[in-house]
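Colleague: What follows is a predicted protein model with its sequence.
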Amino acid sequence: MSTDVTERPDTRPSDPGLEEGKVAHIIRKDDQMRGYVMGEEVIALCGERFIPTRDPEQYPVCEGCKQALTMLRASGGN
Ligand SMILES: [Zn+2]
């Protein structure tokens, strides 16, 4: 009899984008709230739709988001 349980039923919807991406997208504060608290899909600055993870710091920042943020700041928008 084995007490080791390494397999768990996968109840999450498969999202290849999340697994493969492994990047931290930049999202607006309002969206962060919705994403983290409500678990809703949000749209990053780069246009990518995703559900925020709890520890975005462990992933490299999305290049597309970085560029979008730079452009936003350069244009003086919020
Ligand atoms: Zn992004």
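Modeller: Structure received.
Colleague: Could you tell me how far residue 74 is located from residue 67?
Modeller: Distance, residue 74 to residue 67, using CB to CB, to the nearest Å: 10 Å. Every C-beta, even on glycine, is put in place using the N, C-alpha and C of the backbone.
Colleague: Which one of those two is surrounded by more residues?
Modeller: Neighbour totals were compared for residue 74 and residue 67, and residue 67 leads with 12 against 8 (other CB atoms under 10 Å).
Colleague: which ones are touching that one?
Modeller: residue 46 (CB atoms under 8 Å, 6 or more residues apart in numbering).
Colleague: For it, give its distance to the ion.
Modeller: 9 Å (CB to the ion, to the nearest Å).
Colleague: Can I take it that that residue is in a helix?
Modeller: Yes - inclusion of residue 67 in a helix is indicated when DSSP: H, G, I helix; E, B strand; the rest coil is applied.
Colleague: Can you list the low-confidence ranges for the chain?
Modeller: 1-3, 5-21, 54-56, 77-78 (pLDDT under 70).
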